[in-house]
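>>> let's see this in three dimensions:
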Amino acid sequence: MKKALAIVLLIVSFLIIYFLQSNFFTWFTIAGIQPNLFVIFILFIGLFAGKKLGLIFGLVIGFFLDIVIGRQVGISGIVLGLIGLLGELLDKNFSKESKITIMLMIAGSTIIYEVVCYAFNIFTLDMNIEILSFIKILFIEVIYNLLLTIILYPLIQRLGHTLEETFKMKKILTRYF
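Residues are numbered from 1 along each chain as shown. From the prediction side, this is the model:
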């Protein structure tokens, strides 16, 4: 029951993030560039809830975004699913308690997402390669995501520990009492 409630809360969180991304942040852009809240959200799920839930939410949210936005269906789902898996890998190797490591994880995930999507679009849509403008957009988006992570860090930590208790319960029974 507790896991079902947590999943419902994650779905409600996605709807809030979708509203913020599609409505609120269209007014607050930096040089016409919006943050990518979905990368932060999926990495958050992968870090605190585990790779299975991170992968599932990444795939579902990515495919939903591809259908709604009208791009080619599939690439965002695959890349966000990989970011959900990456969250579990980063959780095993790094501490989530440090704001610096969370910021580096967000920056790395944003770079991975944007580079893979850009490369996929170049190969499938025969786009012109404009490296300098892409690097400028990528740099601004990473900075924007990092600023939002700094602002939302206490909320991320509090909700993350609740998710971790729900989905990653360590039931260790010792042999000797």
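>>> confidence score at the residue nearest in space to the middle of the chain?
Nearest residue to the geometric centre of the chain (C-alpha atoms, centre = their mean): V39, 2.5 Å. You'll see V39 listed with a pLDDT of 92.
>>> number the residues from 16 up from this point.
Sure, I'll start numbering at 16, so the last one becomes V54.
>>> I'd guessed it sits against L97; true?
No. Contact status for V54 versus L97: not in contact, 11.1 Å apart, counting by C-beta atoms under 8 Å. Just so you know, the C-beta spots here come from the backbone N, C-alpha and C atoms, and that holds for glycine as well.
>>> who touches stretch 137-154?
Stretch 137-154 is contacted by residues 46, 48, 87, 125-126, 129-130, 133, 136 when judged by C-beta atoms under 8 Å, 6 or more residues apart in numbering.
>>> chain center to the helix or strand harbouring F59: distance?
Per DSSP states H and E: F59 is located in helix 52-64. The gap between where helix 52-64 is centred and where its chain is centred comes out at 4 Å by C-alpha atoms, centre = their mean, to the nearest Å.
>>> with just CA atoms, put it into CSV.
Presented in CSV, the C-alpha positions along helix 52-64 are these (Å, rounded to 0.1, in the frame of the first residue of the first chain):
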residue,chain,number,x,y,z
LEU,A,52,13.1,19.4,-15.2
PHE,A,53,12.4,15.8,-16.5
VAL,A,54,16.1,14.9,-16.4
ILE,A,55,16.2,16.1,-12.8
PHE,A,56,13.1,14.2,-11.9
ILE,A,57,14.1,10.9,-13.5
LEU,A,58,17.6,11.0,-12.0
PHE,A,59,15.9,11.7,-8.6
ILE,A,60,13.8,8.6,-9.0
GLY,A,61,16.7,6.5,-10.1
LEU,A,62,18.9,7.7,-7.2
PHE,A,63,16.3,7.3,-4.4
ALA,A,64,13.8,4.7,-5.6
